[in-house]
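Undergrad: This is a predicted model, with the sequence first.
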Amino acid sequence: MPPKIIVVSGPTASGKTRLAVELALSHNGEVVSADSMQIYRRMDIGTAKPTSEEMRGIPHHMIDVADPEEDFSVARYVDLAAQCVDDILARGKLPILAGGTGLYIDSLLSGRTFAHFDEQSPLRGELEARMRTEGGQALLEELQKVDPDSAARLHPNDEKRIVRALEVYYSTGKTITQHNAETKALPPRYEALTLTLAFSRREDMWARIDRRVDEMMEAGLVQEVEQLLHSGVPQRCTAMQAIGYKEMAAALLGDGDTAAAAEEIKLRSRQYAKRQLTWFRRNSAAKWLYWDSVPDFAAALQASTGYMKEFGI
RNA sequence: GGUGCCAUAGCCAAGUGGUAAGGCAGAGCUCUGCAAAAGCUCCACUCCCCAGUUCAAAUCUGGGUGGCACCU
């Protein structure tokens, strides 16, 4: 049997950080973040990174492990996070994976491997260039010849996935369909009890998100983004596509209307939360904890502890 | 009080006689190396109301109602 761990997931601003710490305190655990943006150093306010007061002495891993100008990826995340989890287990403690990046969580748990390829290779750049000149339909037809299954699944507009499918094929000689089937057959790396936080009513979630963005503004989001820009972080890198940074950077470089940018951030955050919920709904084994208008951590802790007993922890 | 203009989805908005564009917002979904990303689907049986003209009306006519503008 794979080792057991706890996962705390949920849309943005649903209280994952707090619940994870509570669980860690009561069950001798350590937190491993599963957040694609808290990975980056110097991006604290806008990613709602836990402060040291919020951590309450609980070690947090997978936060501040990359610089904003670096390229990060799921593959790197899985490598690093698996080491953290295994280390926590080896020390006899309970790993609590907490975060809102569904792809990272699922990839880590499933034991998924990623097709190896040469990062120096110009292949992807070439494919992207061809995508621009020849268009998605042409590349999709090319994919159709080698991997009809994935070609049938992809929409001509889904350029990223067409490029990736072709990239995997040309660099490994294996189709992405084949690769996915092989990795799907691998045993899961961990057995997880997944706790998913959510609000019963969407309006309550929106209110929480709005308030949190206001708090970020008060905490100095504008200054944080200014500093990133001044230190030369390019606007197009992955870190700067994070919600909060993208909009604020555009405002600072444009009309300077930071209040309007904050409203935009609220909107984008609500849309993001909706996408997260879609992802989490796919996990039929997840235990959902619903907030009735406002989070009640005492109740959540109690319910979680019940689930953990059933789960055998 | 008078005159003029306007009324189309939650919002913006095209459509001037032939059977309701588009955008935003919203909902649902997909997802295997950029994922806080990217992509897909759905969303007005009806155009403020009533009457009329017409084979046919959001489009034309008359009368209401509401809004805006100007005049007194």
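TA: Sure thing, it's come through.

Undergrad: tell me the centre residue of chain A?
TA: Geometric centre of chain A, nearest residue: A:Thr101, 2.1 Å, by Cα atoms, centre = their mean.

Undergrad: Could you check how far that residue is from A:Asp296?
TA: Per Cβ to Cβ, to the nearest Å, A:Thr101 is found 25 Å from A:Asp296. Where C-beta positions appear, they are placed from N, C-alpha and C, glycine not excepted.

Undergrad: What is the burial count for A:Ile105?
TA: Neighbour count for A:Ile105, taken as other Cβ atoms under 10 Å: 25.

Undergrad: my read: the residue nearest to the centre of chain A touches A:Gln38, true?
TA: No - in this structure A:Thr101 lies outside contact range of A:Gln38 using Cβ atoms under 8 Å: 9.2 Å.

Undergrad: just to revisit the earlier point, which stretch of helix or strand covers the nearest residue to the residue nearest to the centre of chain A once chain neighbours are set aside?
TA: Spatial nearest neighbour of A:Thr101, excluding adjacent residues (Cβ to Cβ, 6 or more residues apart in numbering): A:Ser36 at 4.3 Å. Assigned by DSSP states H and E, A:Ser36 belongs to neither a helix nor a strand.

Undergrad: what's the burial count for A:Ser36?
TA: 21.

Undergrad: before we move on, what about A:Pro187?
TA: A:Pro187: 8 neighbours (other Cβ under 10 Å).

Undergrad: How about it: what's its closest non-neighbour residue?
TA: Distances taken as Cβ to Cβ, 6+ apart put A:Gly111 closest to A:Pro187, at 6.1 Å, once the chain neighbours are dropped.

Undergrad: again with A:Ser110
TA: A:Ser110 sits nearest to A:Pro188 (Cβ to Cβ, 6+ apart), 5.6 Å away.

Undergrad: would the one you found count as being in a helix?
TA: No - going by DSSP: H, G, I helix; E, B strand; the rest coil, the assignment for A:Pro188 is coil, not a helix.
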